[in-house]
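Novice: Show me how the following folds:
(2 chains)
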Amino acid sequence: MAELSKNDEREATPNVSEVDVVDAHSETEAVAAVEAPVDRGEPILQIRGLKKHFPLTQGILFKRQVGAVKAVDGVSFDLYQGETLGIVGESGCGKSTVAKLLMNLEQATAGEIFYKGQDITRLSGRALKAVRRNIQMVFQDPYTSLNPRMTVGDIIGEPFDIHPEVAPKGDRRRKVQELLDVVGLNPEYVNRYPHQFSGGQRQRIGIARGLALNPEVIICDEPVSALDVSVQAQVINLMEKLQDEFDLSYIFIAHDLSIVRHISDRVGVMYLGKVVEIGSDEQIYDHPTHPYTQALLSAVPQPDPEAREHRERIILTGDVPSPANPPSGCSFRTRCWKAEARCAEETPLLAVPQRFQGGDTPANHESACHFAEEKDVVHAA
Amino acid sequence: MTIIEDTAPVPAPGGSGDAPLLEVRDLHVEFHTREGVVKAVNGVNYNVHAGETLAVLGESGSGKSVTAQAIMGILDMPPARIPQGEILFRGQDMLKMSAEERRKIRGRKIAMIFQDALSSLNPVLSVGYQLGEMFRVHQGLSKKEAKAKAVELMDRVKIPAAAARVDDFPHQFSGGMRQRIMIAMALALEPDLIIADEPTTALDVTVQAQVMDLLAELQREYNMGLILITHDLGVVADVADKIAVMYAGRIVERAPVHELYKRPAHPYTRGLLDSIPRLDQKGQELYAIKGLPPNLLRIPSGCAFNPRCPKAQDVCRTDVPPLYEVTEPDGTPLAGRNSACHFWKETIHG
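Specialist: Predicted coordinates for the structure are as follows:
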């Protein structure tokens, strides 16, 4: 608790240059086995071996477990202050479950989530409440994530009911109006209802609610996928502006690979509950080494008709296997054109492939494949 | 400045003089609601030839799907009304046909693929039964024959182990497989024209690529016309021959696919192209079209795009721009290119 009181004093105004983000405790953090690159400082979030298995039961009265859906199956990554980590993958790969675990909306089956060195999966009660203030979420669907019976002012101000220390009662209306202004909405709209707004405006309301408590981390689960193309750009630009202004760290979950590249500093690719490749946006998009990443990127339709004859397309066969019964070894092997006997026996670990280690090459990033090989699939030959 | 008659047919991009398979002329569709008349489609003209893919691009509310539903004759009337326009299929106006005549065209000559396969299939009937229905109803085949045909179709859309899966129900298939069944259903009677309304929007990219590939392959095989309705500029670039961009119920730009991406002639198209992030490079700040798409109850006067347009002048607020014929700076006409912008010259050449 003590380490959080500092945050409680933070000015809740949108004027952010004053927001104090120096973490006095970073020195005392003692999380083992993290080789953080020197220039980025200590990570604000460290995820280690995170698992979420949903039990499959049979029987009505005496339920017995007959298996488990391994939605998230051993995920590890770091998030640094002020950066955006994109997470991409197809539906069912577990990216939204990761978001819920980070928010502590789901109880992890195994693994740790360190927020500034403190494992939040073990927290409860007041300690958990205090941490939650600093990790907020923006949801996908701006139509169902806002209560239709509440005014915009009440929606954005509701976090203050739970954390009254951020805004004293008399001050709330002013704070809400400031937040509306920050996200580019007219502050006079406080008494309107969600149905009076368009999709893009509603997503701005969702973002304002996420910002209300001055969080350090915002988890965005498909924040623009429900919006029209011309409105997506507005919301993306707003999110980038807010990040600079408030020194926010984003975890940006999306299935649209172009948008993820645009907004992310680093990108993690998930397949069947695991991160299969992670690196900077350039490493992942221009120098992917995992076959799944390559297939995924090559399948993205690009807005360039000239490229359609010149791009190599890797068309995967079949569908994603069921996470209740994932293949042995590498879970991608059933759809992989490189798969050999070894892939069925030995699970590849997420690490820099041996052949690229130490090399001054963009392929020098973590990839969970026995036969990792660099291949540019995004640029026309 | 040359202005083409808004009802004039546009020559096909190949310049082939043959008559179009389908031609929509000056189509208007409105919905009568309690709040007033929603003008969803306000004078749309487009055509598609056999073997050709026309992409209709637009955001939600642009009227792209309503136009398709009008072609299929599946609009609920009322509240919808078609006060004006013609939909010519092989030269015959379908809007003047009797319900019985249209029924003969629907499914047999023109078929449609919907976005959401799960809600378009009946959950309590097996896919084999639903596919076979096409043959039982339209061709009077027996149950057994129809089922054999269904297996054949499932094979053709590359559903593995078709014979074993013909009695499965829709929920037993994955999203991509369900969309294949929808395609199979559309293909069943070997139509001349397929209208695909956001056929891959609900699918993951790897599956989307499979489905689009399949659709393109089958289109070539049967030499079908395809109207692809989408909001995805990437998908359009991959498959379309020509594009019609819609905004607030009107076509604002028409062009062959390469031309449109290279040099758009309407500020809305240009804005759309600039606002999408790129996969192959990390861009700077995205260009964002300001404002919101208009409320169709209150479409702005003049050009509907004028409140959001960076180039808007006084004339844009008063005069509705016709579909101008787009030319090179020296006046050479550009085949199949039109723009509904008073300042198309500045937009394309400036």
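
Novice: For the closest residue to B:Leu75 other than its chain neighbours, the count of nearby residues, please.
Specialist: Spatially, and ignoring its direct neighbours in sequence, B:Leu75 is nearest to B:Gln69 (4.8 Å; C-beta to C-beta, 6 or more residues apart in numbering or on different chains). Using the backbone N, CA and C atoms, a C-beta is placed for each residue, glycine as well. Residues lying near B:Gln69 (other C-beta atoms under 10 Å in any protein chain shown) number 18.

Novice: On the pLDDT front, check B:Gln69 for me.
Specialist: Looking at B:Gln69, its pLDDT is 90.

Novice: Pull up the gap between it and B:Ala196, please.
Specialist: Distance of B:Gln69 to B:Ala196, given as C-beta to C-beta, to the nearest Å: 13 Å.

Novice: quick one on the thing from earlier: assign a three-state SS to the residue nearest to B:Leu75, would you?
Specialist: helix (DSSP: H, G, I helix; E, B strand; the rest coil).

Novice: Name all residues that make contact with residue 183.
Specialist: You didn't say which chain, so I picked chain A. A:Arg204, A:Ile205, A:Ile207, A:Ala208, A:Leu211, A:Leu238, A:Leu242 (C-beta atoms under 8 Å, 6 or more residues apart in numbering or on different chains).

Novice: try again with chain B
Specialist: Counted by C-beta under 8 Å, 6+ apart, B:Ile183 has contacts B:Ile113, B:Val157, B:Pro199, B:Val211, B:Leu214, B:Leu215, B:Leu218.

Novice: hmm, try it at 10 Å
Specialist: Residues in contact with B:Ile183 (C-beta atoms under 10 Å, 6 or more residues apart in numbering or on different chains) are B:111, B:113, B:117, B:153, B:156-158, B:194, B:196, B:199, B:211, B:214-215, B:218.

Novice: Export stretch A:120-132 to CSV, keeping only CA atoms.
Specialist: This file holds the C-alpha atoms of stretch A:120-132, laid out as CSV (Å, rounded to 0.1, in the frame of the first residue of the first chain):
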residue,chain,number,x,y,z
ILE,A,120,-1.0,-8.4,-8.6
THR,A,121,-2.4,-11.9,-9.1
ARG,A,122,-2.0,-12.5,-5.4
LEU,A,123,-3.5,-9.2,-4.2
SER,A,124,-7.0,-8.8,-2.9
GLY,A,125,-9.1,-6.2,-1.1
ARG,A,126,-7.7,-2.7,-0.6
ALA,A,127,-4.3,-3.5,-2.1
LEU,A,128,-5.9,-4.8,-5.3
LYS,A,129,-8.2,-1.8,-5.5
ALA,A,130,-5.2,0.5,-5.2
VAL,A,131,-3.4,-1.2,-8.1
ARG,A,132,-6.5,-1.3,-10.3
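
Novice: Pull out the buried residues from it.
Specialist: A:Ile120, A:Thr121, A:Leu123, A:Ala130, A:Val131, A:Arg132 (16 or more other C-beta atoms under 10 Å in any protein chain shown).

Novice: Stretch A:131-144 now?
Specialist: A:Val131, A:Arg132, A:Arg133, A:Asn134, A:Ile135, A:Gln136, A:Met137, A:Val138, A:Phe139, A:Gln140, A:Asp141, A:Pro142.

Novice: which helices and strands sit right next to the lengthiest helix in chain B?
Specialist: Using DSSP state H, we find that the single longest helix of chain B is helix B:205-222. The contact analysis (3 or more C-beta pairs under 10 Å, 6 or more residues apart in numbering or on different chains; DSSP states H and E) places helix B:205-222 against helix A:291-299, strand B:53-57, helix B:143-156, helix B:175-187, strand B:193-197, strand B:225-230, helix B:233-239.

Novice: before we move on, the earlier item: of the buried residues of stretch A:131-144, which belong to strands?
Specialist: Judged by DSSP state E, strands contain the following of the buried residues of stretch A:131-144: A:Ile135, A:Gln136, A:Met137, A:Val138.

Novice: Need the residues you listed in a markdown table (columns: pLDDT).
Specialist: Below are those laid out as a markdown table (pLDDT from 0 to 100):
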| residue | pLDDT |
| --- | --- |
| A:Ile135 | 92 |
| A:Gln136 | 92 |
| A:Met137 | 91 |
| A:Val138 | 90 |
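
Novice: What is the nearest of these to chain B?
Specialist: Nearest to chain B, judged by C-beta to the nearest C-beta, of these is A:Val138 at 17.9 Å.

Novice: Would you agree B:Arg254 falls within a strand?
Specialist: Yes: under three-state DSSP, B:Arg254 falls within a strand.

Novice: Spell out the residue ranges of the helices in the stretch 1-150 of chain A.
Specialist: For the stretch 1-150 of chain A, helices defined by DSSP state H, counting those that start in this stretch occupy the ranges A:2-8, A:95-102, A:125-132.

Novice: residues shared between the contacts of B:Gln69 and B:Ala196?
Specialist: With C-beta under 10 Å, 6+ apart, B:Gln69 and B:Ala196 have common neighbours B:Met112.

Novice: quick one: the worst-scoring helix or strand of chain B on mean pLDDT to chain centroid distance?
Specialist: For chain B, counting by mean pLDDT, DSSP states H and E, helix B:117-120 ranks last in confidence among helices and strands (a mean of 79). Relative to its parent chain, helix B:117-120 has a centroid offset of 19 Å by C-alpha atoms, centre = their mean, to the nearest Å.

Novice: And the contacts of it?
Specialist: Here helix B:117-120 has contacts from B:112-114, B:130, B:170-171, B:173, B:175-183, B:185, B:199, B:202-203, using C-beta under 10 Å, 6+ apart.
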